[in-house]
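1. Next come a sequence and a model predicted from it.
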Amino acid sequence: MNSETDAVEVRTLAERVFNQLQDAIVRGELAPGSKITEPGLSKAYGISRGPLREAMRRLEVHRLIERVPHVGARVVKLSMKELLELFDVREALESMAARLAAENMSPDEVAKLREVLAFHEGQADLARGEAYYQREGDLDFHYCIVQGSHNRMLMTILCDDLYYLVRLYRTQFTASGNRPQRAFVEHHRIVDAIESGDAELAELLMRRHISASRATVAERYAAVLEEEASQPATG
C-alpha cells in the first residue's frame, strides 16, 4: 500500500469516526461538558490515533468539542447566555434565508423540500407524537431552506460554521415532548409561503418558528442547569 492510498484510508476512517462522534454528541450520548480522550475514543471506536486526531480536529472546527487548558478536550456546553445568543442569530439569519428561498427556489427545489417533509412524516417517532429527529444535511428541513436561499454567505454561516452546534441543541431540547407536531405543521406553512413566492410571509413564519423553538429550548435547558446545580459536588 503506497502513501497516497494510506492517506485516503486515513481520511475515510476519519470521516466515519467524525460522523459517529458528531451523531453521538448531537443525540446526547456524549454529554455536554463531558471529557473525552484519544485513548478512550480509540478504544470505543476501534480506530488508530491518526484518523481519530483528524476527526477530533473537525469536531473542534464545528464547535462540538473544545480544548480546555489543564483539562483537555470536552464536549461543548454552552451557557444559557450563549445558547440564547445562538438562537438570536438563527432567528435573524434563517428568517432571511426563508425570504430569499421564496424569491429564489425553483419548483424542483420546492418539490424536494416537500419530499423531505414527507420523509419526516413517515418517521415512527413523529407519528407517535414522541419526537421529531431530523437527519443531517439534505434530510434536514432547515438546511434545505438555507441552501434554497442561494446566498453563499448565509450557506457558509448556517450550514458550515454553526450547523452542528444548532443541530445539537435543537435535537436535544425540541425533538421530543409536545413541540414536534407543532414544528412539523409550522414547516408545512413555511413551505406553502415559499412555494407561493410570498417572501414576506415566509420570513415572518420562519421568525415565529425559530422564536417558538428558542422558548422551548431555553425552558428545558434552564431546567437541566437547575437540576445540575442541585446535585452534590463530586470529586
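-> Looks like it came in fine. Residues are numbered from 1 along each chain as shown.
2. which residues of the protein fall in strands?
-> In the chain, the segments counted as strands under DSSP state E are 35-36, 65-68, 72-75.
3. The first one: partners in the sheet, and parallel or antiparallel?
-> Right, the one you point to is strand 35-36. According to DSSP bridges, strand 35-36 forms sheet pairs with strand 72-75 (antiparallel).
4. Find the residue closest to the residue nearest the centre of the chain in space, skipping its chain neighbours.
-> For the chain, the residue nearest the mean C-alpha position is residue 167 (1.4 Å; CA atoms, centre = their mean). Distance criterion CB to CB, 6 or more residues apart in numbering; nearest residue to residue 167, sequence neighbours excluded, is residue 26 at 5.5 Å. Where you see a C-beta, it was placed from the backbone N, CA and C, and this is true even at glycine.
5. Distance check, the one you found against residue 79.
-> Between residue 26 and residue 79 the computed distance is 19 Å (CB to CB, to the nearest Å).
6. Equivalent analysis for residue 103, please.
-> Separation of residue 103 from residue 79 (CB to CB) stands at 36 Å.
7. which of these two has more neighbours?
-> Between residue 103 and residue 79, counting by other CB atoms under 10 Å, residue 103 is the more crowded of the two (14 against 10).
8. which residue packs closest to that one, ignoring adjacent ones?
-> Residue 103's closest residue in space is residue 199 (CB to CB, 6+ apart), at 5.2 Å.
9. give the contact list for that neighbour.
-> For residue 199, the contact set (CB atoms under 8 Å, 6 or more residues apart in numbering) comprises 99-100, 102-103.
10. now that we have those residues, which one has the most neighbours?
-> Top of the contacts of residue 199 by neighbour number is residue 102, holding 26 neighbours under the definition other CB under 10 Å.
11. From what I see, that one and residue 204 are in contact.
-> No. In this structure, residue 102 is not within contact of residue 204 by CB atoms under 8 Å, at 10.9 Å.
12. in the protein, which helix or strand is least confident?
-> In the chain, the helix or strand scored least confidently by mean pLDDT, DSSP states H and E is helix 124-127, which has a mean of 54.
13. give me the number of residues near residue 88?
-> Neighbours of residue 88 (other CB under 10 Å): 13.
14. List the contacts of it.
-> By CB under 8 Å, 6+ apart, the contact set of residue 88 is residue 214.
15. so who does residue 211 touch?
-> Shown in contact with residue 211 (CB under 8 Å, 6+ apart): residue 91.
16. mind showing which ranges of this protein have poor pLDDT?
-> Confidence mapping of the chain against pLDDT under 70 gives the ranges 1-10, 123-138, 174-179, 233-235.
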